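Prediction below, plus the sequence it came from.
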Amino acid sequence: MMEIQKSETPSQATGRAGMKKELPKHYQDHRHVWVFIELERGQVHPVSLELLGEGRKLADKLGVQLAGVVVGPPDGVGTGPAIADAFAYGADLAYLIESPLLVDYRNEPFTKALTDLVNSHKPEILLLGATTLGRDLAGSVATTLQTGLTADCTELDVDVDGSLAATRPTFGGSLLCTIYTLNCRPQMATVRPRVMAMPQRVAKPIGRVIRHDLMMVEEEIITKVLGFLSDSQSEDANLAYADVVVGGGLGLGAAENLQHVKDLARTIGGEFGCSRPLVQKGWMPFDRQIGQTGKTIRPKLYVAAGISGAIQHRVGVEGADFIVAINTDRNAPIFDFAHVGVVADAIRFLPALTEAFTRRLAPRDHLKLVN
């Protein structure tokens with residue numbers, strides 16, 4: 001296994017290509033791109049659908065097939081719709097593993113299921129969502145298969161020699177590097193929710209489904225599920241899937257000034273968040289952090305107030321349809337990628353903007369007709 005950071009000069013890049021050894025013979029028959037379809041209580045996690053869109057691009061470049069991998073209980077309540085979604089979002093075929101041992105996620109049976117499937121059908125690329133479940137599963141699968149895994153990728157592509165080029169932030173988000181797994185297969189990568197665009201759903205008949213048995217019994221599994229507590233009533237932020245987000249940064253000056261961010265978000269029906277330094281200062285909880293090391297967002301509107309726009313923040317927000325940046329520093333990096341830039345003091349500008357929206361969105365008085 002060899003992983004190389006692609007941050008070299010042209011001559012060094014040539015050296016990297018020269019360093020690549022011939023792929024070991026037992027890996028040369030690995031073909032096709034796989035996406036693990038993550039199920040949450042019978043529902044497909046949206047990141048899996050986003051990955052199908054990226055997987056489709058990779059498969060087309062390589063001239064291979066895209067497969068969705070569905071693992072779950074045998075009742076078909078969740079796995080059946082998941083198979084249908086896999087095809088609707090671009091898969092050419094699907095692999096299905098059903099077992100009573102797979103009702104709830106446990107690392108041992110899911111790792112056994114996926115690694116046995118890989119060893120039997122030999123994909124060249126395996127993609128998983130960088131969720132709590134996906135991170136846990138990807139690490140154990142990569143370790144078991146003794147292959148490379150690039151986590152939290154922001155871009156996936158195929159190099160000129162057909163290798164997966166997986167780009168991710170490094171050094172605290174200050175640089176981007178591209179990592180290759182040159183001499184092992186499958187090449188594995190995880191991607192966080194909302195980093196990739198959601199592909200269009202195209203209804204089509206279910207294609208070829210290959211079933212695979214889980215060769216395991218309950219006695220071999222150490223972990224036991226005692227119960228399930230839903231977090232559906234949680235007050236945690238839902239930044240990743242919000243259509244409107246207002247974010248605050250160090251330019252706000254003090255923790256109490258974050259109230260301006262919250263007021264604007266509430267007025268326009270959005271979520272609120274912040275940049276990493278504010279979490280580090282304890283001004284907001286981690287679940288409100290926006291950026292590569294926090295939540296990646298793809299809203300229709302993102303208002304960034306007092307945020308400089310460091311690369312780790314940019315990576316987490318550049319998927320937004322429309323970005324409005326408010327900053328006193330006209331040279332702030334955020335103005336390089338914002339659609340609209342306002343050079344102003346956010347502490348004064350936000351209340352004025354909130355008041356303007358309040359007037360604009362207030363129900364209009366209707367004239368009463370008198371007979």
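Looks like it arrived, so ask away. Numbering: from 1, shown residues only.

pull the CA atoms of stretch 189-207 into CSV?
Once non-C-alpha atoms are left out, stretch 189-207 reads as follows in CSV (Å, rounded to 0.1, in the frame of the first residue of the first chain):
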residue,chain,number,x,y,z
ALA,A,189,-12.8,6.8,0.3
THR,A,190,-15.4,8.5,2.5
VAL,A,191,-17.2,11.7,1.7
ARG,A,192,-19.2,13.7,4.2
PRO,A,193,-22.9,14.6,3.6
ARG,A,194,-23.6,17.5,1.4
VAL,A,195,-20.1,17.8,0.0
MET,A,196,-21.2,16.3,-3.3
ALA,A,197,-24.3,17.5,-5.2
MET,A,198,-27.4,15.4,-5.2
PRO,A,199,-28.0,13.8,-8.6
GLN,A,200,-31.3,13.8,-10.3
ARG,A,201,-33.5,10.8,-9.6
VAL,A,202,-34.6,9.0,-12.8
ALA,A,203,-37.2,6.3,-12.3
LYS,A,204,-36.3,3.1,-14.1
PRO,A,205,-36.8,-0.6,-13.6
ILE,A,206,-34.7,-2.5,-11.1
GLY,A,207,-31.8,-4.2,-12.9
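
Check the average confidence over that stretch, would you?
Model confidence over stretch 189-207 averages 93 on the pLDDT scale.

What are the buried residues along that stretch?
Residues of stretch 189-207 classed as buried: 189, 190, 191, 192, 193, 194, 195, 196, 199 (neighbour count, 16 or more other Cβ atoms under 10 Å). From N, CA and C alone the C-beta is placed, and that goes for glycine too.

Distance from the chain centre to it, please.
Its chain's C-alpha centre lies 11 Å from the corresponding centre of stretch 189-207 when counted by Cα atoms, centre = their mean, to the nearest Å.

how about the helix or strand where residue 82 lies: buried residues?
Here residue 82 is covered by helix 79-88, with elements defined by DSSP states H and E. By neighbour count, with 16+ other Cβ under 10 Å as the criterion, the buried positions of helix 79-88 are 79, 81, 82, 83, 84, 85, 86, 87, 88.

So which elements touch that helix?
Contacts defined by 3 or more Cβ pairs under 8 Å, 6 or more residues apart in numbering; DSSP states H and E place helix 79-88 against strand 33-37, strand 43-44, strand 66-72, strand 93-98.

Ok, which of these comes nearest residue 180?
With Cβ to Cβ as the criterion, residue 180 lies closest to strand 33-37 of the helices and strands packed on helix 79-88, at 16.0 Å.

on contacts alone, who are the packing partners of the closest one?
Secondary structure elements in contact with strand 33-37, counted by 3+ Cβ pairs under 8 Å, 6+ apart, are helix 46-62, strand 66-72, helix 79-88, strand 125-129.

Highest mean neighbour count out of these?
With neighbours taken as mean count of other Cβ atoms under 10 Å, those reach their highest mean count in strand 125-129, at a mean of 29.

which helices and strands sit right next to that strand?
The helices and strands touching strand 125-129, judged by 3+ Cβ pairs under 8 Å, 6+ apart, are strand 33-37, helix 46-62, helix 132-145, strand 187-191.

For residue 346, list the residues it contacts.
With contacts defined as Cβ atoms under 8 Å, 6 or more residues apart in numbering, residue 346 is in contact with 248, 251, 252, 260, 305, 306, 326, 327, 328.

hmm, back to that, and residue 225, which of the helices and strands packed on strand 125-129 is closest to it?
Closest approach to residue 225 among the helices and strands packed on strand 125-129 is made by helix 132-145 (13.4 Å; Cβ to Cβ).

ok, the next helix or strand along the chain from the closest one: who's next to it in the sheet?
Moving toward the C-terminus from helix 132-145, the first helix or strand encountered (DSSP H and E) is strand 149-153. Within its sheet, and counting by DSSP bridges, strand 149-153 is paired with strand 187-191 (parallel).
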